[in-house]
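Trainee: following is a predicted model, sequence given first.
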Amino acid sequence: TGIQTCALPICGLVSSFARGAFIVGALTTAFLWYRLEGRRLALGALITVAAGTVLVAGSVFTGDGRGRNDASNWFEELTSVTETIADTDAEDRRLVWRIGWQVFKDHPVLGVGQGSWSAFASENYTGPILGERFGRRPDLLWGRAMHNIYLEALAELGLVGFALFVVMLVDRSEEHTSEL
């Protein structure tokens, strides 16, 4: 059951095509390798299982059906991290961040409500703030991920909720770092 416990979340990570999460996972593994001197053999076995799972899952999962026109595999997606800012995904993210910042500026104290930034923006903004991509079709914003948890918290929860969010992160961080 230990192998399944390791392999299942890795399959989920690879199938999500979450490049940033994969990089953070690799850095976390390197940190654990450094910190767990007495248990490096067990961690080495875990890394071997993880690498094998990534190789298999990365070859199986494609970009087909997730809003992409191509059916690239996970390895191609991972290498696209270094593409220029002219990339459509990067442009969309910057535009969504700009819209999220506008939502925050318009509702700085309490925000617009958890999970509501995209619905609020699509119903309340028009013209240049939505850019060329969403200006003609604001409904495309519905359900969009902002891909920036801090900006999303500011837009949806305002300064009050964001302060509580930061307190929660710091509290949990202190709790877990004392265990290492």
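Mentor: It's in.
Trainee: use CA for all of it now, contacts and neighbours both
Mentor: OK.
Trainee: so which strand or helix has Gln114?
Mentor: Under the criterion DSSP states H and E, no helix or strand holds Gln114.
Trainee: so for the helix or strand harbouring Glu156, what gets flagged as buried?
Mentor: Glu156 belongs to helix 149-177 when assigned by DSSP H and E. Within helix 149-177, the residues scored as buried using 16 or more other Cα atoms under 10 Å are Leu151, Glu152, Ala153, Leu154, Ala155, Glu156, Leu157, Gly158, Leu159, Gly161, Phe162, Phe165.
Trainee: now do the contacts for the last one.
Mentor: Residues touching Phe165, when contacts are defined by Cα atoms under 8 Å, 6 or more residues apart in numbering, comprise Ala153.
Trainee: mind redoing it with 10 Å?
Mentor: Listed by Cα atoms under 10 Å, 6 or more residues apart in numbering, the contact partners of Phe165 are Tyr150, Ala153, Leu154, Leu157, Leu159, Asp171.
Trainee: name the nearest of those relative to Phe104.
Mentor: Relative to Phe104, the closest of the contacts of Phe165 is Leu154; by Cα to Cα it sits at 5.9 Å.
Trainee: wait, isn't that closest one in contact with Ser116?
Mentor: No - at 11.7 Å, Leu154 does not count as touching Ser116 under the criterion of Cα atoms under 10 Å.
Trainee: and Thr28, what element?
Mentor: Secondary-structure element containing Thr28, defined by DSSP H and E: helix 19-35.
Trainee: that helix - what's its average pLDDT?
Mentor: Mean pLDDT, helix 19-35: 68.
Trainee: for Arg172, give me the pLDDT.
Mentor: 72.
Trainee: so it versus Phe165, what's the distance?
Mentor: Using Cα to Cα, to the nearest Å, Arg172 is found at 11 Å from Phe165.
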